[in-house]
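Asks: Let's see this in three dimensions:
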Amino acid sequence: MNTFTVIFLSVVLLSFAVEFWLAKRQASYVAAHRGAVPEAFKTAVSLKAHQKAADYTLAKGKLGDIDRIVSVAALLVLTLGGVINTVFQYWNGWVSSPLWAGVWATATVFLIMTLVEIPASVYQTFVIEEQFGFNKTTVRQFIKDQAMQLALGAAIGLPLLALILWVMDSIGASWWVWAWAILISFSLLMSWLFPTVIAPLFNKFTPMEEGSLKDRIQDLLSRCGFNSQGIFIMDGSKRSGHGNAYFTGLGNNKRIVFFDNLVNSLDEEELEAVLAHELGHFKRKHVIKMLVATSVMSLIGFGVLGWIIDQDWFYTGLGVAVEQKSNAAALLLFMLASSTFTFFMQPVSAYFQRKFEFEADDFAASNAKAEKMISGLVKLYEENASTLTPDPLYSAFHYSHPPAAIRIAHLQAKA
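Replies: Coordinates of the predicted model:
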């Protein structure tokens with residue numbers, strides 16, 4: 001142990017304590033308001049649906065408590081417990097190339113982390129989602145999805161990791177700028193490829209049929225000056241009863257996607273309003289703003305890594321012996337530790353995301369009917385069992401969307 005070990009442990013325990021405290025606040029607040037539908041929703045949401053949403057939130061919260069404990073324990077075992085040190089020691093003994101030893105060691109640690117997370121995913125899907133009537137996934141489909149995600153992660157992630165490690169080994173002191181540029185370029189490429197190459201590996205996307213709904217949507221797109229490569233219906237119902245809509249892609253490869261169960265739940269004017277909200281994110285340049293913010297933060301992160309990569313205290317402070325010191329070990333340790341140190345930035349990120357949601361709602365109210373946006377949202381809250389009464393402090397820390405009552409009041413003012 002050194003001073004950095006003490007700092008790391010202190011931040012891990014403090015962030016865990018804050019997270020646990022916020023989760024308890026959320027559970028207490030939701031349970032306390034379970035008995036009555038909030039005034040703003042009394043005519044639209046039944047007590048039964050409101051209580052279902054409360055119970056669903058509480059069930060997910062209990063699983064979240066366990067998941068947090070497991071995640072913290074896994075982080076400490078991997079780092080201070082010496083697992084990462086052992087993994088790198090093993091691969092350095094078997095592979096003569098330092099670069100590829102680092103690639104396989106990093107991949108091994110990520111595989112361990114994935115395996116640790118699977119039990120919670122299984123319980124979420126086949127117990128909680130099943131209990132509340134949302135799960136449509138079969139065991140076969142679940143296993144297939146996990147295998148495809150692992151295969152896709154390996155096919156894409158391993159060459160990218162090898163390239164970044166090669167840059168770290170070969171470029172010199174400015175390696176962190178080049179590594180950052182590669183990562184950002186790769187992220188943009190993946191965003192461009194996602195609609196047509198990656199997403200179809202997991203779901204079926206069917207072009208929307210001709211008719212009044214498509215005509216209404218195309219008219220909205222024309223009014224908003226939005227060009228896309230098509231309007232598609234995704235078979236989301238084969239895995240879940242939750243509904244959603246989104247647009248995806250960059251440049252000339254943008255697609256508009258509706259979940260099939262969303263199309264079956266909302267009327268045409270409500271679907272138009274929901275899409276107008278999504279278009280609001282595009283027209284208000286939220287995607288670009290978030291991309292710029294992410295790019296700046298990642299550049300700062302690479303800059304910090306460029307400084308600490310040569311510091312012995314960084315490795316030994318996180319359970320890796322100086323003998324196993326390498327660029328791959330530094331990159332892996334930094335990825336694991338940085339999420340803990342940036343935990344307290346979540347409220348700032350959540351604040352701007354909620355601000356963007358209000359702006360997108362304003363755009364929807366201006367280009368569709370605000371009352372239809374409201375009725376569509378209420379249906380989504382009810383059908384997705386989203387709690388109408390989150391704890392204010394918990395939501396300020398975690399929610400990327402404004403709480404239901406605040407969001408509806410904002411839209412009513414616009415209406």
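Asks: CA atoms only for stretch 112-130, dumped as CSV, please.
Replies: Provided in CSV are the C-alpha atoms of stretch 112-130 (Å, rounded to 0.1, in the frame of the first residue of the first chain):
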residue,chain,number,x,y,z
ILE,A,112,-13.8,-11.8,-16.0
MET,A,113,-15.8,-8.6,-15.5
THR,A,114,-18.4,-9.7,-18.1
LEU,A,115,-18.8,-13.1,-16.4
VAL,A,116,-19.2,-11.4,-13.0
GLU,A,117,-22.0,-9.2,-14.4
ILE,A,118,-24.0,-12.0,-16.1
PRO,A,119,-25.8,-13.3,-12.9
ALA,A,120,-27.4,-9.9,-12.3
SER,A,121,-28.4,-9.7,-16.0
VAL,A,122,-30.0,-13.1,-15.8
TYR,A,123,-31.9,-12.2,-12.6
GLN,A,124,-33.0,-8.9,-14.1
THR,A,125,-34.3,-10.5,-17.3
PHE,A,126,-35.8,-13.8,-16.1
VAL,A,127,-37.0,-12.8,-12.6
ILE,A,128,-37.8,-9.1,-12.4
GLU,A,129,-38.8,-8.4,-16.0
GLU,A,130,-40.7,-11.7,-16.0
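Asks: From the chain's centroid, how far away is it?
Replies: 16 Å (CA atoms, centre = their mean, to the nearest Å).
Asks: Over to stretch 353-366?
Replies: Taking CA atoms, centre = their mean, one finds the center of stretch 353-366 at 20 Å from the center of the full chain.
Asks: Most distant residue from the centre of the protein?
Replies: Going by CA atoms, centre = their mean, the residue of the chain most distant from its centre is Ser96, 37.0 Å out.
Asks: That one: what secondary structure?
Replies: Under DSSP: H, G, I helix; E, B strand; the rest coil, the three-state class of Ser96 is coil.
Asks: Now it: phi and psi?
Replies: The phi/psi pair for Ser96 (degrees, to the nearest 10) reads phi -70, psi -30.
Asks: Next: Lys369.
Replies: Per-residue torsions, Lys369: phi -90, psi 120 (degrees, to the nearest 10).
Asks: Hmm, Ala276 and it touching each other?
Replies: No - using CB atoms under 8 Å, Lys369 is not in contact with Ala276; the gap is 9.2 Å. Backbone N, C-alpha and C define where each C-beta goes, glycine included.
Asks: Which of these two has more residues huddled nearby?
Replies: Ala276 (27 against 17; other CB atoms under 10 Å).
Asks: Contact partners for that one?
Replies: Applying CB atoms under 8 Å, 6 or more residues apart in numbering to Ala276 gives the contacts 220, 224, 363-364, 367-368, 373.
Asks: Out of those, which end up buried?
Replies: Buried subset of the contacts of Ala276 (neighbour count, 16 or more other CB atoms under 10 Å): 220, 224, 363-364, 367-368, 373.
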